[in-house]
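Undergrad: Please find the sequence and the predicted model below.
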Amino acid sequence: MAYNHKEVAARPARLTSGHRMCAGCGAPAVARMILKAVKPEDHAVIANATGCMEVSTFIYPYTAWTDSYIHTAFECAGATLSGVEAAYKEMKRTGKLPQDKDTKFIAFGGDGGTYDIGLQSLSGAMERGHDMVYVCYDNGAYMNTGIQRSSATPRFADTTTSPAGSVIPGKMQSRKDLAKIMAGHNLPYIGQTAAIGNMKDLYEKAEKAIYTEGPCFLNVLAPCPRGWGYNTPDLMEINKLAVETCYWPLYEVVDGVYHITYKPTNKLPVEEFLKPQKRFKHMFKPGNEWMIEEFQKEVDKRWQELLDLEEMTNK
């Protein structure tokens, strides 16, 4: 359906209220809107890698999910859901399931369970061509277990395993670009998005991913107030600054063709995104200006690479 905010808002929530996610967390807003993109008449099977979302939304026998739900270990959400999808297709083929009902298969994992521990099973599921969507809610660290750095953690971020001190100024490595890694799997649809504005970009990319046949991937920014250190009411502003500075570009890759879905009219300096977050406060101390400059160079480089990919693949 074409995006209509009133119609989408009126759809029943498949991730209900009453979960234990933190105030100001981006993950539940992301999951709720993605699941709104599932047609009301369709059923969904959700696989959820261990992490913040799992421990806070499903504590047996209580659940915030209205669809079928499978909790998996950190490393195997992709493998688990691909097995369920294969069993479903076989049961439909042999007449053990009704032909007139449709089920969608959606996995959720944080960056720890996606960029790192679950990358192998995710890659395998995508390569085998299962009809499923994998959603990474990227909060940039292992938040559930104490804010340890992951390969999604940005350079210079202060975490419990990359503490900003006098010798090492936070994490020294640049973050992995997972959407591009997924693009290397030749998937029919990949979307990078965030919960901004009226959620139109998030909803439309979720709908495309869910209703595109084959393996699809969504990488969604999911800020964490505890790990990032922003005021909880500022969730949407943090998302907006990430997009307006091009730290988190909004784009999609459709059958190998890149489309940037939002280009800021006036691209903001990245320090506007860094400044409200305590994990970057050391970068604003006297003598540390070079960190902001280096961070800006990396953001600009990645943004230009994305612009070049869009131009090259649309010829």
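TA: Sure thing, it's come through.
Undergrad: Distance of the most centrally placed residue in the chain relative to Leu250?
TA: The centre of the chain sits closest to Val220, judged by Cα atoms, centre = their mean, with a distance of 2.6 Å. Separation of Val220 from Leu250 (Cβ to Cβ, to the nearest Å) stands at 10 Å. C-beta coordinates here come from the backbone N, C-alpha and C atoms, glycine included.
Undergrad: Return every residue with contacts to both of those two.
TA: By Cβ atoms under 8 Å, 6 or more residues apart in numbering, Val220 and Leu250 have these common neighbours: Gln192, Thr193, Ala194.
Undergrad: Would you quantify the distance from the residue nearest to the centre of the chain to Leu235?
TA: Distance, Val220 to Leu235, by Cβ to Cβ: 13 Å.
Undergrad: Can you say which helix or strand has Ile190 in it?
TA: In the assignment (DSSP states H and E), Ile190 maps to strand 189-194.
Undergrad: That strand: what's the following helix or strand?
TA: helix 200-210.
Undergrad: Next, the angle from that next one to strand 189-194.
TA: Comparing the axes of helix 200-210 and strand 189-194 via axes from the mean of the first three to the mean of the last three Cα atoms, to 10 degrees yields an angle of 160 degrees.
Undergrad: and helix 200-210, what other elements does it pack with?
TA: Under the contact definition 3 or more Cβ pairs under 8 Å, 6 or more residues apart in numbering; DSSP states H and E, helix 200-210 sits against helix 27-36, strand 133-138, strand 189-194, strand 216-221.
Undergrad: Quick one: distance of it to the chain centre.
TA: 12 Å (Cα atoms, centre = their mean, to the nearest Å).
Undergrad: likewise stretch 217-233?
TA: Worked out by Cα atoms, centre = their mean, stretch 217-233 lies 10 Å from the chain centre.
Undergrad: Please enumerate residues in contact with the helix-or-strand element of the chain with minimal mean pLDDT?
TA: Lowest mean confidence among the helices and strands of the chain (mean pLDDT, DSSP states H and E): helix 5-10, at a mean of 88. Identification of contacts with helix 5-10 by Cβ under 8 Å, 6+ apart yields Met1, Met33, Lys36, Asn198, Met199, Lys200, Tyr203.
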